[in-house]
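J.: using only what follows, build the 3D model:
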Amino acid sequence: MELHPLKIHIDEIVPLTDQEFDYILGHFTAVNKRKHQFVVQENEVVEKEFWVIKGCLKSYFFDSTGKEHILQFAMENWWVTDYDALLIREQLIFL
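T.: Numbers count the residues shown, from 1 in each chain. Down below sits the predicted model:
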């Protein structure tokens, strides 16, 4: 039986029983996105952190002149979100 990638990831820090992992996994929802799709967009309240199972995510914003600024890339087994927006749980508003 193949282990779930998230269990392998968590087990690197703290070992979990199958029962403990099943409880944790119950708090996750798989989201499949294609290239150029968004997981969070402007004017959305950020309520989640994302863990990348496969692929790569890019976190970025556009400034007032329209220039793109890349904040981070999240590759497989990385966590990503807009942490400022997640902490304050408010809408993303770009000026």
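
J.: dig out what the residue nearest the centre of the chain forms beta bridges with.
T.: What sits nearest the mean C-alpha location of the chain, by C-alpha atoms, centre = their mean, is residue 50, with 1.6 Å. Under DSSP bridges, the beta-bridge partners of residue 50 are residue 80.

J.: my guess is it contacts residue 82. True?
T.: No: the criterion here is C-beta atoms under 8 Å, and residue 50 misses it with residue 82 at 10.3 Å. For glycine as for every other residue, the C-beta is placed from the backbone atoms N, C-alpha and C.

J.: mind listing what the residue nearest to the centre of the chain touches?
T.: Applying C-beta atoms under 8 Å, 6 or more residues apart in numbering, one finds that residue 50 lies in contact with 31, 39, 57, 74, 79, 80, 81.

J.: tell me the pLDDT of residue 14.
T.: What the model reports for residue 14 is a pLDDT of 96.

J.: repeat that for residue 94.
T.: At residue 94, the pLDDT value in this model is 51.

J.: okay, strands next: where are they in this protein?
T.: Taking DSSP state E as the test, the strands found in the chain are 50-51, 57-62, 68-74, 79-80.

J.: out of those, deepest packed?
T.: Burial of the strands of the chain is given as mean neighbour count (mean count of other C-beta atoms under 10 Å); strand 50-51 ranks first at a mean of 17.

J.: how about low-confidence regions in the protein?
T.: For the chain, the stretches flagged by pLDDT under 70 are 1, 90-95.

J.: now the helices: where do they sit in it?
T.: Secondary structure of the chain (DSSP state H): helices located at 5-11, 18-25, 83-88.

J.: can you lay out these as TSV showing distance to residue 43 and mean neighbour count?
T.: Supplementary listing: these in TSV, determined by distance: least, C-beta to C-beta, whole Å; neighbours: other C-beta atoms under 10 Å:
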stretch	distance to residue 43	mean neighbour count
helix 5-11	30	15
helix 18-25	30	12
helix 83-88	11	13
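
J.: kind regards, and thank you for your time.
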